[in-house]
Structure formats: structure tokens, C-alpha cells
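Novice: coordinates only, sequence not included:
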């Protein structure tokens with residue numbers, strides 16, 4: 001298909017504004033995500049060594065919602081500027097009808113919908129799985145928790161420190177080890193616990209949940225702070241439990257990390273809701289761009305951001321309805337995504353009716369009427 005000069009102009013203006021809007025929203029989202037991940041690092045839920053990897057993967061996963069919103073707002077801003085500066089009126093007087101606007105919009109909508117579909121069906125779940133694997137690897141290796149030979153390292157979530165003079169390449173075997181932790185005893189007196197060992201080994205439970213450090217041939221000291229009743233014990237082997245490095249996100253959805261093909265083979269409410277949300281995302285993009293066409297039309301004297309506020313409220317209402325439908329599927333009240341598609345078709349029908357009403361030929365008024 002050969003694009004006309006007008007088609008290329010519309011497509012360039014729309015694409016540039018959508019890209020600029022996406023960059024701004026991505027910067028905002030990265031700031032919010034960075035603050036959240038930094039808080040998890042401070043709480044000991046994430047090792048600092050994988051902080052930026054997890055941040056990047058979370059941002060990639062968030063593109064499923066960011067891309068449709070960026071396209072929606074970008075089209076509103078670009079077409080709104082053309083209407084305010086009377087470019088659309090000049091083009092209409094030159095013979096451009098509704099089809100002249102639909103062609104470049106259709107190309108833009110198809111491109112954005114393909115990107116959203118790739119993120120929602122493949123890249124987003126892959127990013128979530130990779131993030132979980134990074135955190136799981138931190139449970140299996142003390143290197144991921146920031147431990148380095150010859151340096152004192154804070155234990156994640158334990159309020160203690162660990163020091164080793166040698167460390168194997170895979171991070172599971174330790175040389176001479178020193179661990180110091182603080183706890184409150186039964187007598188409500190703070191106790192300092194010091195454990196030393198000639199060598200150590202990091203291992204997990206068979207189910208992969210617990211993480212433990214086994215030390216051999218060392219000493220253990222229990223020192224009540226402010227008292228002189230110290231206890232000293234020599235041991236041949238001493239096993240200490242280490243807190244798992246894991247996310248503290250209570251809203252984490254296990255189905256979100258599953259691949260799309262796995263969701264099709266999993267017959268649970270969470271899996272059905274997740275699959276419905278992934279498949280509705282590209283259609284949501286097309287509906288939002290269709291809704292942006294009539295909402296972007298404004299007169300030169302109209303407030304610049306009046307229609308934009310109305311459009312944001314429309315997006316919020318549409319997104320909220322889809323989220324409510326998804327919640328009903330998660331609760332098991334609905335067993336398919338039919339209501340979500342019904343809401344989508346209704347919104348698309350409203351957008352098509354509004355667009356047609358703007359371009360329908362008006363009957364001339366009779367004189368004296």
C-alpha cells in the first residue's frame with residue numbers, strides 16, 4: 001500500500017507524539033518502580049546485586065498497560081493540537097473526509113496493538129519469570145546476596161553480619177567464617193551471638209524453601225549485653241538458618257509468571273483471569289485509539305486540557321470495568337472472558353457512533369427556521 005503525503009504527515013505526527021508520551025510515562029513509572037524496589041532492598045527482600053535487573057524486568061512487564069495509555073494520550077495530544085490550530089479544518093475544506101484520518105490511524109493502531117500483544121502474551125510473562133528466577137537464585141547463592149571474600153557483609157533481613165576469607169566460584173562453599181547476629185532473649189535482654197567455623201557450606205531444603213548455612217569445627221558465643229554470664233560452646237557442626245531473599249509483594253499473582261500455553265492447560269480461576277487479561281490487551285489498545293478520535297476534536301477557544309481530562313476519566317472507567325470483570329473471573333463467579341469482550345465492544349460502539357456523528361453530513365437549515 002502506497003501512502004500519500006497526507007498519510008505520512010499524520011502518521012509521523014501521531015507516532016512522534018505517542019513516542020514522546022511513552023517516554024514521559026516510562027520515566028514516571030521507572031521512578032515509582034525504583035522507589036519500590038529500593039524499599040525492598042532496604043527491607044532485605046531483594047539483594048542489591050539484582051536490584052537493577054529486577055527493576056528493568058518490572059518495567060518491561062508494565063508495558064502491557066503503559067503502551068495503550070501512551071497511544072491513547074499521544075493521539076489525543078497530537079490531534080487536539082491540529083484541531084486547535086485549525087489544521088483539521090483546512091484539510092477538511094480541501095476535501096479530506098473521515099477516511100483520510102482513518103487510514104494513518106489504522107496503521108498506527110495495528111502497530112501498537114501488535115507490540116501490546118507481544119508484551120502481554122510473551123515478553124511480560126517472560127520478564128516476570130526471569131525476575132522470580134533471579135530472586136530464587138539469590139536463595140541458592142550467597143554471591144547474589146552480596147557476599148565477597150575478605151569483606152564484612154550484612155545478612156539480608158537478619159540484622160547481622162558475615163565475614164569469610166575464601167569463597168568458592170559458585171558461592172556455596174565458604175572458608176573460615178565469622179557470623180555475628182543480635183537477638184532479644186527470654187529475659188528481654190539483647191544477646192550478641194557470634195559463630196565461627198573453619199569452613200562452611202550453603203544448602204537448601206528439598207522443597208527449595210529454606211536456606212541454611214552449615215559450619216564445621218568452630219566456636220559459638222552467646223553474649224548478653226550488659227551482663228557477664230557469657231556462654232561458650234565448641235561444636236563439630238553448626239547449622240544456621242538464613243532468611244530467604246524474596247519479594248514482599250502481597251499482590252503477587254503466581255499465574256502471571258506462567259507462559260500463555262501453560263495458562264491454556266491450567267484450569268483454575270486465576271489462570272482463566274490471567275489469560276483473559278492478556279488476550280484483551282491488544283483489543284483494548286484498538287478501542288482506546290478509536291475512542292481518541294472523537295474525544296480529540298475541539299475548537300480553538302476550548303480549554304486545552306478539557307478534553308484530555310474527559311479522556312482520562314473515560315480510560316479510567318473502561319479500565320475499571322475490565323478489572324471488575326477480571327475480579328469476577330478470579331473469584332470463580334464467571335468462567336469465561338465474555339463480559340470483558342462485551343464491555344470492549346460496547347465502548348468501541350460508543351466510539352464509532354461519536355466519530356460518525358462528527359463527520360455525518362448535516363442537513364441545511366431552512367430559512368426562517
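Specialist: Done, it's in. These figures come from a predicted structure and were not determined experimentally.
Novice: Now find how far off-centre the longest helix along the chain is within its chain.
Specialist: As assigned by DSSP state H, the longest helix anywhere in the chain is helix 5-42. Computed by Cα atoms, centre = their mean, to the nearest Å, the chain-centroid distance of helix 5-42 equals 14 Å.
Novice: Buried by neighbour count: which residues of it qualify?
Specialist: Judged by neighbour count (16 or more other Cβ atoms under 10 Å), helix 5-42 contains these buried residues: 7, 10-11, 13-15, 17-18, 21-22, 25-26, 29, 33, 37, 40-41. C-beta: built from backbone N, CA, C; applies to glycine.
Novice: How about stretch 111-124?
Specialist: For stretch 111-124, burial by neighbour count (16+ other Cβ under 10 Å) applies to 112-113, 115-117, 119-121, 123-124.
Novice: same question, stretch 213-228
Specialist: Buried residues in stretch 213-228, counted by 16+ other Cβ under 10 Å: 213, 215, 218, 220, 222-223.
Novice: about what we covered before: which elements pack onto the longest helix of the chain?
Specialist: helix 51-61, helix 63-84, helix 98-118 (3 or more Cβ pairs under 8 Å, 6 or more residues apart in numbering; DSSP states H and E).
Novice: Quick check: which of those helices is buried the most?
Specialist: helix 63-84 (a mean of 22; mean count of other Cβ atoms under 10 Å).
Novice: tell me the average confidence for that helix?
Specialist: Averaged across helix 63-84, pLDDT comes to 90.
Novice: Point out where the protein drops to low pLDDT.
Specialist: For the chain, the stretches flagged by pLDDT under 70 are 1-3, 41-48, 95, 97-99, 137-147, 156-159, 170-171, 205-210, 242-253, 359-369.
Novice: By residue count, tell me the biggest strand in it.
Specialist: In the chain, taking DSSP state E as the definition, the longest strand is strand 211-224.
Novice: when you compare where the next helix or strand after that one runs with where strand 211-224 runs, what's the angle?
Specialist: Scanning forward in sequence from strand 211-224 by DSSP states H and E, the next helix or strand is strand 231-242. Counting by axes from the mean of the first three to the mean of the last three Cα atoms, to 10 degrees, strand 231-242 lies at 150 degrees to strand 211-224.
Novice: Residue 315 is nearest to which of the helices and strands packed on helix 5-42?
Specialist: Residue 315 lies closest to helix 63-84 among those, at 6.0 Å (Cβ to Cβ).
Novice: Can you list the helices and strands that the closest one packs against?
Specialist: By 3+ Cβ pairs under 8 Å, 6+ apart, helix 63-84 packs against helix 5-42, helix 87-93, helix 98-118, helix 269-295, helix 306-330.
Novice: relative to helix 269-295, how tilted is the first one?
Specialist: Meaning helix 5-42. Angle, helix 5-42 to helix 269-295, by the same axes, to 10 degrees: 140 degrees.
Novice: Relative to residue 78, how far out is the residue positioned nearest the centre of the chain?
Specialist: Geometric centre of the chain, nearest residue: residue 62, 3.4 Å, by Cα atoms, centre = their mean. Distance, residue 62 to residue 78, by Cβ to Cβ, to the nearest Å: 23 Å.
Novice: what do you get for residue 224?
Specialist: To residue 78, residue 224 is 70 Å away according to Cβ to Cβ.
Novice: Residue 14 now?
Specialist: Counting by Cβ to Cβ, the separation of residue 14 from residue 78 is 5 Å.
Novice: now do residue 322
Specialist: 25 Å.
Novice: give me phi/psi at residue 149?
Specialist: Here is the backbone geometry of residue 149 (degrees, to the nearest 10): phi -70, psi 140.
Novice: before we move on, what about residue 168?
Specialist: Dihedral pair for residue 168: phi -70, psi 170, per degrees, to the nearest 10.
Novice: ok, for it, nearest residue in space, not its chain neighbours?
Specialist: Leaving aside its sequence neighbours, residue 168 sits nearest to residue 174 (Cβ to Cβ, 6 or more residues apart in numbering; 7.6 Å).
Novice: That neighbour bridge partners, please.
Specialist: Residue 174 has these beta-bridge partners by DSSP bridges: residue 167, residue 200.
Novice: so who does it touch?
Specialist: When contacts are counted by Cβ atoms under 8 Å, 6 or more residues apart in numbering, residue 174 touches 142, 164, 166-168, 197, 199-202, 213.
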